[in-house]
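S.K.: structure for this input, please:
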Amino acid sequence: MGFKPLPTRKTHVQSMRPTYLTQPQANQNKSISVIFVHGLTGNRETTWTHKTTGKFWPQDFLPHDLPDVRILTFGYDADIIGTSHTASSNTLRDHGKSLAEKLAMWRRKSRTNLWPLIFVAHGLGGLVVEQALLISRGSSELHVKDLLESTTAMAFMGTPHAGSDKASLVVPLTHLSKIILGASNTEILQLLRPGSEMLANLQQEFHTMLKDRSQNQKKSIEICCFYEELPVRRIRDKVVPSHSAILNPYPSLPIHGNQMQMKKFGNNRDPGYTDVRGRLWLWIDNLKLEAQPAAGPEAIQARDSKPERYLMFSGGGPVFQGDQIAGRDINVNTWRSAP
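M.R.: You can find the predicted model right below:
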């Protein structure tokens, strides 16, 4: 096989750093990285693990289908209501800064900071990635700026780009958590509300960045948005409505599941998995094609040209080939492109 799965351990409190899911073999050039970023109250592993089958698809399925890439996850403390410990007080910018700086440093240390990077993000994780790329853009440190320069594509899964009014359903739980545990983080919940000024500013800055790179730098970032097709039974509605999960004019695809189900796949035949895998494959295949030398007119001319025979005059002196005298005047065959 072209990869080596690494053992994983599920934990509630996460260290904020990238973690390999596949370890590259020494004899392979795995020059493309795919990194998974979880969402609200999520976890670097449980977010992507199917409850019934226990399949952790970024590790159990994807390396078999995309053997030529590095696959990683990034964990951060997104427990805003303190269900397992003291609630995180970090803001969205804090999480984005942590992702940008820690991932950039890790890539620099591993000498992969210029390798193409693809993000797969669920829910709030998509906003964290957007914030991280904005921080990368404005950084004065070259290794942090490399993060944006290396990002080639992003898959958003149920990310509330325009907010979600269902976030209000969690506020009572946050209030209860504050009473019991003395800790809560309502700032992120307020950010997710439709009409949030902070969320609107984030989206405006993110789209401005995309437009600037496309028009002025001729560097585009591919994007595909996946949105939930089914409501959550308890609230009888979708957590993130389709219009909020979609970014025009980028392509979008539905996944037959609700917000919690849409990022957990029990087998590699799940239609949701095949759609996400297909989009990743397309981006990776395009990167491979772009890395191949173009067969333009000059390349074709060089390929089809024949050696031209011409006379080398020595002017009466000896002509050397290596340390041997080859004669006074000698005919030499050489490759020379046509004028």
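S.K.: just the helices in the chain please.
M.R.: For the chain, applying DSSP state H gives helices covering 57-60, 62-65, 92-109, 124-138, 142-150, 171-181, 186-191, 197-215, 242-245, 271-291, 297-304.
S.K.: so for Ile235, which of those sits nearest?
M.R.: Among the helices of the chain, the nearest to Ile235 by C-beta to C-beta is helix 171-181 (12.9 Å). (Each C-beta comes from the backbone N, C-alpha and C, glycine too.)
S.K.: of all the helices of the chain, which lies closest to Val37?
M.R.: Among those, the nearest to Val37 by C-beta to C-beta is helix 124-138 (3.8 Å).
S.K.: on that earlier part again, which of the helices of the chain has the lowest average pLDDT?
M.R.: Per-stretch mean pLDDT for those is lowest at helix 171-181 (a mean of 38).
S.K.: what's the burial count for the closest residue to Leu127 other than its chain neighbours?
M.R.: Nearest non-adjacent residue to Leu127, counting by C-beta to C-beta, 6 or more residues apart in numbering: Leu92, 5.9 Å away. Leu92 has 19 neighbouring residues, counting by other C-beta atoms under 10 Å.
S.K.: and for Arg93?
M.R.: Arg93, neighbours per other C-beta under 10 Å, totals 16.
S.K.: repeat for the one 4 residues further on
M.R.: Using other C-beta under 10 Å as the criterion, Lys97 is surrounded by 20 other residues.
S.K.: wait, what's in contact with the nearest residue to it once chain neighbours are set aside?
M.R.: Leaving out its chain neighbours, the residue that sits closest to Lys97 by C-beta to C-beta, 6+ apart is Ile135, at 5.4 Å. For Ile135, the contact set (C-beta atoms under 8 Å, 6 or more residues apart in numbering) comprises 93, 96-97, 100-101, 144.
S.K.: same thing but at 10 Å, please
M.R.: Ile135 makes contact with 93, 96-101, 104, 144-145, 147-148, according to C-beta atoms under 10 Å, 6 or more residues apart in numbering.
S.K.: what does Thr52 give?
M.R.: Here Thr52 is in contact with 264, 266 (criterion: C-beta under 10 Å, 6+ apart).
S.K.: what's the local residue count around the residue nearest to Gly96 when sequence neighbours are not counted?
M.R.: Spatially, and ignoring its direct neighbours in sequence, Gly96 is nearest to Gln131 (2.7 Å; C-beta to C-beta, 6+ apart). For Gln131, the count of nearby residues is 23 (other C-beta under 10 Å).
S.K.: before we move on, what about Asp237?
M.R.: 13.
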